[in-house]
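[1] structure for this input, please:
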Amino acid sequence: MKYTPGLPPMVAPSSPEASEDTPCRAVMSVLVDNESGVLARVVGLFSGRGYNIESLTVAPVAADGGLSRINIVTSGTPAIIEQIRAQLERQVPVARVANLTTLGPHIAREMVLVKVVSTGEARTEALRIAEAFRARAVDTTASSFVFELTGASDKLDSFVELMAPLGLAEVSRTGVAALTRGPRTL
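    Presented below is the predicted three-dimensional model:
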């Protein structure tokens, strides 16, 4: 099985190369009431209009369990991204929506588990690359490793690509978790 990494990087909406027709990637954070069916409604908004979700994470974030944060990575023209944001805001259980990509600097990270099955030189090379990327071996056998790596999506894509010829067997990714930089909050 050959692993194919995600879509090639797109232009950021705020970059000089961006135009009204240029596809861009956006990281959206959505605070929602933590109740049954909310995630299905948010995902239904995307599927019903033919928008793609490249990454989706959701977890409770309030101490009392009353709110959950959904991080969505999607792509489209700036007008489509704005339409997605506006439609998400109109969802009843949604407390707040922010396009982190346009708000300014933000931190977006994800975690990947990568299983490599190899022996000999390929095994040594896999360990060398893992060390260079600061990946941690969380499982080791005589013929396989499972590496854990956290970072920006591009870094994870590069790691997976380098492991492909060395015996890449499986990949599991968490999806993007993101926050704005500095004191600004959602």
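
[2] now do the longest strand along the chain: everything it contacts.
    If you go by DSSP state E, the chain has its longest strand at strand 106-117. By Cβ atoms under 8 Å, 6 or more residues apart in numbering, the residues outside strand 106-117 that reach it are 27, 55, 73, 100, 123, 126, 135, 138, 143-153, 156, 159-160, 163, 166-181. Heads up, the C-betas are built off the backbone N, CA and C, glycines and all.

[3] next, give phi and psi for residue 40.
    phi -60, psi -40 (degrees, to the nearest 10).

[4] neighbours of it, how many?
    Per other Cβ atoms under 10 Å, the neighbour tally for residue 40 reads 9.

[5] likewise the one 5 residues further on?
    With neighbours defined by other Cβ under 10 Å, the count for residue 45 comes to 16.

[6] residue 54 too?
    Count around residue 54 with other Cβ under 10 Å applied: 17.

[7] hang on, the earlier thing: now list the buried members of the contacts of strand 106-117.
    27, 55, 73, 100, 123, 126, 135, 144-147, 149, 151, 153, 156, 159-160, 163, 166-168, 171, 173, 175-180 (16 or more other Cβ atoms under 10 Å).

[8] could you list the low-confidence segments of the chain?
    1-19 (pLDDT under 70).

[9] can you rerun that using 80?
    Segments of the chain classed as low confidence (criterion: pLDDT under 80) are 1-20.

[10] now do the strands in this structure.
    Going by DSSP E, the chain shows strands at 24-33, 53-60, 67-76, 94-99, 106-117, 136-140, 144-151, 168-173, 177-180.

[11] sorry, back to before: in the longest strand of the chain, what's buried?
    106, 108, 110, 112, 113, 114, 115, 116, 117.

[12] then stretch 27-42?
    Buried residues in stretch 27-42 (16+ other Cβ under 10 Å): 27, 28, 29, 30, 31, 32, 34, 38, 39, 42.

[13] also stretch 71-89?
    Neighbour count says stretch 71-89 has 71-78, 80-81, 84-85, 87-88 buried, by 16+ other Cβ under 10 Å.

[14] these: which two are farthest apart?
    71 and 77 (21.0 Å; Cβ to Cβ).

[15] tell me the bridge partners for residue 116.
    Beta-bridge partners for residue 116, by DSSP bridges, are residue 145, residue 168.

[16] distance check, it against residue 134.
    From residue 116 across to residue 134, the span is 16 Å (Cβ to Cβ, to the nearest Å).

[17] and what of residue 56?
    Taking Cβ to Cβ, one finds residue 56 at 26 Å from residue 134.

[18] and for residue 175?
    On the measure of Cβ to Cβ, residue 175 and residue 134 end up 20 Å apart.
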